[in-house]
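1. Return atomic coordinates for the entry below.
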Amino acid sequence: MKTINRILISSVFFALISIASIMCVMSIIFFSLVPEYGKEMLDKDVFNAEEILSSFDAADTEWSVLSSDLNLYGYNLLVTSSNHVVFSDLENTQTKVIESLKEMNLHENILAGKTNGVTFVVKPAGVYSIFALKGAVDDVKLTGMLTGFLPVYIIVSFAAISVVLLLSLFFTRQMAWRVLRPLKALSNGAKRIEIGDLSEPIVHKGKDEFAEVAAAFNHMQESLLEERRKNAAYEKARTDLIAGISHDLRTPLTSVKGYVKGLRDGVANTPEKQEQYLSIAYQKACDIDMLLQRLLFFSNLETGNLPMTFENHDLGNFLMRFADDMCDEFENNNITLNTDITSVPHPVKIDAGQMRRVLLNLTENAVRYAETKPLSITITIWRERGMEHLQFSDNGQGVPESQLPYIFERFWRGDEARSTKNNDGSGLGLYIVKYIIEAHEGFVTAKNDNGLSIEMRLPCEKEETYE
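-> Okay, the predicted model is just below:
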């Protein structure tokens with residue numbers, strides 16, 4: 001059953017219960033007052049009976065004629081003389097009042113009244129006492145009250161019930177649609193999302209609870225749309241990366257095949273040429289291996305299966321070994337490396353291979369995007385508040401402030417000019433840095449400070465003997 005039908009049925013049910021309760025209370029009050037009301041109210045034809053008795057001459061003693069005249073108005077005749085009944089056409093229900101009427105102290109005037117539920121008119125006429133009697137207790141209740149007031153009461157009650165039910169249905173339907181309209185909009189919105197349509201927001205006017213629900217739904221829809229755009233961009237960049245690596249693999253592979261074929265065909269016919277061909281083929285094979293390693297690393301990164309082996313190291317000693325290993329390469333590329341390490345132990349638990357990759361990626365990023373010569377790199381290490389800080393800074397042009405929050409995102413390569421000029425970048429370098437540092441339970445931030453400055457924080461371990 002639909003919700004609106006449930007609401008309408010419930011509204012009618014409760015309205016009927018309310019009306020029935022009111023009518024029961026009114027009926028109880030009404031019928032409890034009927035006896036008292038019947039006792040106090042004289043018959044409406046009492047004046048006609050009084051007029052008939054006034055004009056009747058008791059000397060004629062034509063009691064039957066008098067009885068017929070009174071019967072026209074529903075009255076019965078009782079004639080007594082010296083406490084004996086002379087004439088009577090009373091009903092059985094009226095006989096119980098005879099004794100009380102006999103004992104009445106009558107005067108010359110006509111007397112009208114009511115006793116035991118019977119309306120009476122009494123006329124003294126010489127030796128006779130003439131009584132006109134109408135009704136009994138049951139007659140007064142049923143004919144006096146019910147035949148007069150009850151039909152009106154029933155008609156008014158049914159009219160009131162009809163009006164109340166119609167108003168209840170009208171206002172309940174209005175309230176139901178007020179509730180169900182935003183629910184219908186939410187349902188339609190969910191169906192649109194199911195088929196992939198995220199372009200149309202839910203419009204709800206008002207300041208009720210549904211306005212908050214509609215706003216939350218629209219916010220969710222906007223988030224899904226933004227996530228879809230990001231995923232589309234990520235997928236395109238990932239496809240481009242794989243396509244680029246595949247293309248890059250083809251060049252050294254072709255060279256390897258060419259030089260091996262030259263050796264096999266005897267083109268390299270001297271020991272010097274053979275050594276040259278073998279050296280070039282080996283170098284190209286190393287290039288292929290590097291590309292395959294990059295592709296494998298990217299695959300592990302995507303699946304979250306990047307292997308990590310944590311060992312205790314002193315971060316300062318680790319940096320000095322890295323500087324020694326890279327000394328010749330820095331000199332060949334006209335790069336100056338400066339280190340600033342505070343004179344205290346810097347115990348950390350790191351994966352040495354992955355942390356080396358972090359420093360290599362930062363160096364590669366500086367070489368590619370700093371756009372300054374000579375390039376100067378400064379690496380600073382210090383301890384603060386239980387964390388080891390490693391800051392990597394260059395003297396390049398930095399990053400536009402508007403793009404600074406995005407440099408650690410996957411496949412980010414800056415503006416179009418930078419991407420075109422440095423099309424060999426994958427957009428993964430700084431993303432990998434952030435991934436590895438967070439895998440070490442650390443944090444990484446970036447800022448412009450006379451160049452790009454990237455600060456990494458790693459948990460400080462207890463001081464022991466480190467490599």
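2. these two touch, right, Leu349 and Asp314?
-> I think there's a mix-up here, since residue 349 is Lys and not Leu. No. Contact between Lys349 and Asp314 fails when scored by Cβ atoms under 8 Å: they sit 11.1 Å apart. The way it works is simple: take the backbone N, C-alpha and C, and place the C-beta from them, glycine included.
3. who's more crowded, these two?
-> Neighbour totals were compared for Lys349 and Asp314, and Asp314 leads with 21 against 16 (other Cβ atoms under 10 Å).
4. what's the spacing between the more buried one and Ile454?
-> Distance from Asp314 to Ile454, counting by Cβ to Cβ, to the nearest Å: 21 Å.
5. next one: Leu111
-> Taking Cβ to Cβ as the criterion, Leu111 is separated from Ile454 by 121 Å.
6. which one of the two has more residues nearby?
-> In this view Leu111 and Ile454 are compared by other Cβ under 10 Å, and Ile454 has more residues nearby, 23 against 15.
7. Surely the more buried one forms part of a helix?
-> No. Residue state for Ile454 (DSSP: H, G, I helix; E, B strand; the rest coil) corresponds to strand; a helix is not indicated.
8. Show me the longest strand that occurs in the chain.
-> As assigned by DSSP state E, the longest strand anywhere in the chain is strand 375-384.
9. Quick check: Ile377 touching Phe392?
-> Yes. With contact defined as Cβ under 8 Å, Ile377 counts as touching Phe392 (7.1 Å).
10. what about Asp89, how many residues close to it?
-> Neighbourhood size, Asp89 [other Cβ under 10 Å]: 17.
11. ok, it - contacts?
-> By Cβ atoms under 8 Å, 6 or more residues apart in numbering, the residues touching Asp89 are Ser67, Asn71, Asn76, Leu77, Leu78.
12. Please name the bridge partners of the third one.
-> When bridges are taken as DSSP bridges, the partners of Asn76 come out as Leu133.
13. what's the burial count for it?
-> 19.
14. Contacts only, for it.
-> With contacts taken as Cβ under 8 Å, 6+ apart, Asn76 has the following neighbours: Ser67, Leu70, Ser88, Asp89, Leu90, Glu91, Gln94, Ala132, Leu133, Lys134.
15. Let me know the closest of those to Phe13.
-> For the contacts of Asn76, the minimum distance to Phe13 (Cβ to Cβ) is 47.1 Å, reached by Lys134.
16. Verify the stated contact: the closest one with Asn71.
-> No. The pair Lys134 and Asn71 does not pass the contact test of Cβ under 8 Å, sitting 10.0 Å apart.
17. what helix or strand does the residue nearest to Pro347 when sequence neighbours are not counted sit in?
-> Nearest-residue entry for Pro347: Glu461, 4.2 Å, with adjacent residues in sequence omitted and distances by Cβ to Cβ, 6 or more residues apart in numbering. Element membership for Glu461 (DSSP states H and E) is empty, with no helix or strand holding it.
18. for Asn188, same thing?
-> For Asn188, the enclosing helix or strand under DSSP H and E is helix 149-194.
19. name the helices or strands packed onto that helix?
-> If contacts are counted by 3 or more Cβ pairs under 8 Å, 6 or more residues apart in numbering; DSSP states H and E, helix 149-194 sits against helix 3-40, helix 209-265.
20. How about the residue sitting furthest away from the middle of the chain: what's its closest non-neighbour residue?
-> Ranking residues of the chain by C-alpha distance from their mean position (Cα atoms, centre = their mean) puts Ala59 at the top, at 97.8 Å. Once flanking residues are discounted, Ala59 sits nearest to Gly126: 7.9 Å by Cβ to Cβ, 6+ apart.
21. So the residue lying closest to Gln397 once chain neighbours are set aside versus Ser18, what's the distance?
-> Excluding the flanking residues, the one nearest Gln397 by Cβ to Cβ, 6+ apart is Glu371, at 5.5 Å. Distance of Glu371 to Ser18, computed by Cβ to Cβ: 83 Å.
22. coming back round to it: after the longest strand of the chain comes which helix or strand?
-> Scanning the chain past strand 375-384 towards its C-terminal end, the next helix or strand to appear is strand 387-394 (assignment: DSSP H and E).
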